[in-house]
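**Q** Let's see this in three dimensions:
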Amino acid sequence: MPRKTDGIEFEIHPRPTMGEDGKPLLYVRPAKGRKKSYKDLETFCNKYRGLRPGEMQTVFNVVMDVVGLWLSDGYRVETPLGSFAPKLKLLGEHTDPSTIHGRDIKYAGIEFIPAKEFVKEGGHNREGYRKSQAPVGNSQMHDEKAMEEALRRSMKIGYTTIPEFMIFSGLRRDSAKTYLDSLCKGEHPRLWKVRESRRWLYFPKKEASKE
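**A** A predicted model of the protein is given here:
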């Protein structure tokens, strides 16, 4: 039976809570790496929606200018896509309203609430769903051969880092760090790590003996 190649590709991941069988309950999310750029959007609209080259960029520039102006004045701005509003953060801990002043407020970003029609349009799901071929959660962490190969490939410059190891292992950050740290422990550790600015560098233990 041929593998389905259309529809929304989804990944399966474990939740922190366990099911009745003692295994983690699962959840799904869209597969990572699937994205369209602004250039893709502009090209598509020029070709299939009758927009002239540069027209979309002009519209976006004007919208960002005007919406940004209104957001900076504290307005919620409603659009066909949804509504935008400024998010505020209170600095420090306060219990008395009289102690709160303008200097205690920080701009914390923009809240977006999608319009019902936009949600409906995005949820038409015309082609169904298809399962990603990626491992479930971090199950590959228990595959010694897969982890050895990932470690070997990530050591191409003589050491590895957590982000680099994530690329080759497919692990999430916390799991990648846990795995690398585990190789730095025990009576015969395979790796040693050095802090460099905000990142950890992991070297093969044999390199340490040369110091």
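**Q** residue closest to the middle of the protein?
**A** The structure's the chain has its C-alpha centroid closest to Lys32; by Cα atoms, centre = their mean the separation is 7.9 Å.
**Q** I figured it hits Glu11, correct?
**A** Yes - the pair Lys32 and Glu11 passes the contact test of Cβ atoms under 8 Å, sitting 7.0 Å apart. C-beta here means a position set from N, CA and C on the backbone, and glycine is covered the same way.
**Q** How about Gln57, nearest residue that isn't a chain neighbour?
**A** The shortest distance from Gln57 to any non-neighbouring residue, by Cβ to Cβ, 6 or more residues apart in numbering, is to Glu42 (7.0 Å).
**Q** Over to Lys87?
**A** Ala108 (4.4 Å).
**Q** Now for that neighbour, how many residues are close by?
**A** 11 (other Cβ atoms under 10 Å).
**Q** same thing with Phe10?
**A** 16.
**Q** neighbouring strands for the helix or strand encompassing it, and are they parallel or not?
**A** Using DSSP states H and E, Phe10 sits in strand 8-18. Using DSSP bridges, the strands paired with strand 8-18 are strand 24-30 (antiparallel), strand 129-131 (parallel).
**Q** returning to that earlier point: list the contacts of the residue nearest to the centre of the chain.
**A** Lys32 sits next to Glu11 when contact means Cβ atoms under 8 Å, 6 or more residues apart in numbering.
**Q** What segments of this structure are helices?
**A** 38-48, 55-72, 116-122, 144-154, 162-169, 173-182, 205-208 (DSSP state H).
**Q** Packing partners of the third one?
**A** On a contact count with 3 or more Cβ pairs under 8 Å, 6 or more residues apart in numbering; DSSP states H and E, helix 116-122 meets no helix or strand.
**Q** Residues contacting it, please?
**A** 80-82, 114.
**Q** Highest neighbour count among those?
**A** Gly82 leads the contacts of helix 116-122 on contacts (other Cβ under 10 Å) with 16 neighbours.
**Q** Show me what that residue is bridged to.
**A** Pro114.
**Q** Just to check, it is in contact with Glu111?
**A** No - in this structure, Gly82 is not within contact of Glu111 by Cβ under 8 Å, at 9.9 Å.
**Q** related to what we said a few turns ago, to Ser197, which of the helices of the chain lies closest?
**A** Ser197 lies closest to helix 162-169 among these, at 13.2 Å (Cβ to Cβ).
**Q** tell me the mean pLDDT for the closest one?
**A** For helix 162-169, the per-residue pLDDT values average out at 90.
**Q** Nothing else from me, thank you.
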